[in-house]
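Asks: sequence plus the predicted model coming up.
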Amino acid sequence: ERRGRADKARRDLLGRGGEPLDLGAMANEGEYRAAVARLYAAQLEGARGAVERSWSTPAEIWAPWYGRAVARWLAAELAAGARSDEPVAVVEIGGGNGTLAGNVLDYLAVAHSELYERLTYTVVEISPVLHALQAVRLTPAHGERVELVQSAFQEWRPTSATVVAKPTVVMAHEVLDNCPHDLIRWVDDSPQLAMVDGGVLDPERRAGWRRGDVTIDWVPLTPAVAPPGLLDLLDAREAVGELPRYAPSRGSWLGASIEAGRQWMVEQLRPSREHAEEWVPTVGYRFLSHAHDLFPRLGLLMTDFDALAGAVPFQGHLAPVVQRRDPSRGHATVRFDSVLDPAPGTADIFHPTDFSLMAALNNGLGAPRTEYCKQAAWLKVFAADDLSATTTRSGYNPLLADYINFSVLEAPIATDGAPAAGT
């Protein structure tokens, strides 16, 4: 059972702690980049190699501003999808060290106290290290509002039917990219699965493999060899039909056109389906399916990379980046040309997310309307009140100009079995 990459330092030792970056006091982009570099250096210093694969997230680097934006989105969606006197729930898949949850709850407690008082915030975290850090960060300030669960999300089930019946928003921030994907190819319009030594090509489960010692075998994809959920994913993808390349719900026409053009170039460089290899988000789809199974009144918020530079070459759509930081070279990033190159647990493996596909899959599971957009366009709306405080003296704003390869997927809560307001 592939539950996630919990042995990765990215999952176990994530974030920074300490004082937030004072973005508004910085002179320009150069000072911001230098501050982020110092943040990483401090995080990695003295770690004895344990966090050489560690990468911070927007929620950590831009604390508390990113969490405040998420809180505003939650307040708007829960107001539209729940009665004003009704208990509501937020479930965060993975939670880092608890920074995002803490920032969200801190803001709601002050700005939306009525919502805060009827809210339950559950963090479902596979890593025992992060689970413990979340307790330290969240329990003292928000103990009555927070439930912390150590589990893989697709294995977790709430114990109370009352909890399941609540309007619930499930959130996943930089989770999809780190979920196991399956490598397949198409021959005579039939899928084949990449396998090594009779098992699925999953670097998390190999024991001391070396690239020259193993051979990737392509076998017909049948129920006997398929990982859990893979055949369901391919069926669901077939059902949604042809997808738009990138059709954001927010943002400027120019920004959407540029992104669509980039996606068109990717399409032209892609080989034909015959013998084309691609990585498919099996576990990501299981997350969506499980969330719909658990919560009949479900809303969704997911953020992640929509593109990644330096992906493994010649391995098709959604090929991963395989990299780690090298302490002997000042913690410089080292990339690998294969998922089989680094020893187990010594590198981070993460994939871009196909937001057109994930939105269509979520709609196919019963969501009233799933939309997506570039993160900067989303932050222009939900961080609008904080943009002056986060803009450097030169006019550069990291929230709008950094992490340009990030997108946001959002789906409203269905109201008592009917579409949410505005749909």
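Replies: Great, that's in hand.
Asks: pull up the distance across stretch 385-392, start to finish.
Replies: End-to-end distance for stretch 385-392: 15 Å, by C-alpha to C-alpha, to the nearest Å.
Asks: return the distance of stretch 401-417 from the chain's centre.
Replies: 11 Å (C-alpha atoms, centre = their mean, to the nearest Å).
Asks: where does Val124 land in three-state SS?
Replies: When classified by DSSP: H, G, I helix; E, B strand; the rest coil, Val124 comes out as strand.
Asks: and it, how many neighbours?
Replies: Applying other C-beta atoms under 10 Å, we find 23 residues neighbouring Val124. C-beta coordinates here come from the backbone N, C-alpha and C atoms, glycine included.
Asks: tell me the contacts of it?
Replies: Val91, Glu92, Ile93, Gly94, Val149, Ser151, Ala152, Phe153, Trp156 (C-beta atoms under 8 Å, 6 or more residues apart in numbering).
Asks: okay, the fourth one: pLDDT?
Replies: Spelled out, it's Gly94. Model confidence at Gly94, given as pLDDT, is 94.
Asks: now for it: which residues touch it?
Replies: The contact partners of Gly94, by C-beta under 8 Å, 6+ apart, come to Arg11, Val123, Val124, Glu125, Ile126, Leu130, Phe153, Ala172, His173, Glu174, Val175.
Asks: can you do 7 Å?
Replies: By C-beta atoms under 7 Å, 6 or more residues apart in numbering, the contact list for Gly94 reads Glu125, Ala172, Val175.
Asks: which of those tops the neighbour count?
Replies: Counting neighbours by other C-beta under 10 Å, the top entry in these is Glu125, with 28 neighbours.
Asks: what bridges to it?
Replies: Counting by DSSP bridges, Glu125 forms beta bridges with Gln150.
Asks: surely it touches Ala135?
Replies: No - the criterion here is C-beta atoms under 7 Å, and Glu125 misses it with Ala135 at 10.1 Å.
Asks: which outside residues touch stretch 217-226?
Replies: For stretch 217-226, contacts defined as C-beta under 7 Å, 6+ apart pick out Ile184, Arg185, Ser190, Pro191, Gln192, Leu193, Ala194, Met195, Leu231.
Asks: neighbours of Arg237, how many?
Replies: Arg237 has 18 neighbours, counted by other C-beta under 10 Å.
Asks: just list the residues touching it, thanks.
Replies: Residues Leu357 are the ones in contact with Arg237 under the rule C-beta under 7 Å, 6+ apart.
Asks: centre of this structure to the edge, which residue is at the far end?
Replies: Asp188 (33.5 Å; C-alpha atoms, centre = their mean).
Asks: measure that one to Pro20 for me?
Replies: Asp188 sits 56 Å away from Pro20, going by C-beta to C-beta, to the nearest Å.
Asks: I'd like the next helix or strand past the one helix or strand Glu77 maps to.
Replies: Using DSSP states H and E, Glu77 maps to helix 65-81. Toward the C-terminus, helix 65-81 is succeeded by strand 88-93 as the next helix or strand (DSSP H and E).
Asks: for the helix or strand following that following strand, packing partners?
Replies: Per DSSP H and E, the first helix or strand lying C-terminal to strand 88-93 is helix 99-111. When contacts are defined as 3 or more C-beta pairs under 7 Å, 6 or more residues apart in numbering; DSSP states H and E, helix 99-111 packs onto helix 58-61, helix 65-81, helix 113-117, strand 119-125, helix 128-142.
Asks: and the first one, how far from the chain's centre?
Replies: So the one you mean is helix 58-61. Counting by C-alpha atoms, centre = their mean, helix 58-61 comes out at 13 Å from the chain centroid.
Asks: kindly report the same for the second one.
Replies: On the basis of C-alpha atoms, centre = their mean, helix 65-81 is displaced by 18 Å from the centre of the chain it belongs to.
Asks: likewise for stretch 133-142?
Replies: What separates the centre of stretch 133-142 from the centre of its chain is 22 Å, taken as C-alpha atoms, centre = their mean.
Asks: then stretch 322-332?
Replies: Centroid separation for stretch 322-332 versus its chain: 23 Å, with C-alpha atoms, centre = their mean.
Asks: what is the end-to-end distance of it?
Replies: Counting by C-alpha to C-alpha, you get 14 Å between the two ends of stretch 322-332.
Asks: next, the buried residues of that stretch.
Replies: For stretch 322-332, burial by neighbour count (16 or more other C-beta atoms under 10 Å) applies to Val322, Gln323, Arg324, Arg325, His331.
Asks: farthest-apart pair in those, please.
Replies: Maximum pairwise distance in the buried residues of stretch 322-332, criterion C-beta to C-beta, is 16.9 Å, between Val322 and His331.
Asks: assumed Thr333 was part of a helix.
Replies: No - counting by three-state DSSP, one finds Thr333 to be strand, located in no helix.
Asks: so it makes contact with Val321?
Replies: No - with contact defined as C-beta under 7 Å, Thr333 does not reach Val321; the gap is 9.6 Å.
Asks: out of those two, which sits in the more crowded spot?
Replies: Using other C-beta under 10 Å, the more surrounded residue of Thr333 and Val321 is Val321, with 20 against 13.
Asks: thinking again about what came up before, now, of the contacts of Val124, which are buried?
Replies: By neighbour count, with 16+ other C-beta under 10 Å, the contacts of Val124 hold Val91, Glu92, Ile93, Gly94, Ala152, Phe153, Trp156 as buried.
Asks: now these in CSV, please, with extra columns for distance to Ala360.
Replies: Shown next, in CSV, are the buried ones among the contacts of Val124 (distance: C-beta to C-beta, whole Å):
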residue, distance to Ala360
Val91, 22
Glu92, 24
Ile93, 20
Gly94, 23
Ala152, 25
Phe153, 21
Trp156, 25
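Asks: quickly name whichever of these is closest to Leu387.
Replies: Set against Leu387, the nearest of the buried ones among the contacts of Val124 by C-beta to C-beta is Glu92 (24.7 Å).
Asks: pretty sure the closest one is in contact with Leu130, am I right?
Replies: No - no contact is recorded between Glu92 and Leu130 when judged using C-beta under 7 Å, the distance being 11.5 Å.
Asks: circling back to that earlier point, what helices or strands is the helix holding Glu77 leaning on?
Replies: The helices and strands touching helix 65-81, judged by 3+ C-beta pairs under 7 Å, 6+ apart, are helix 58-61, helix 99-111, strand 168-173, strand 298-305, helix 375-382.
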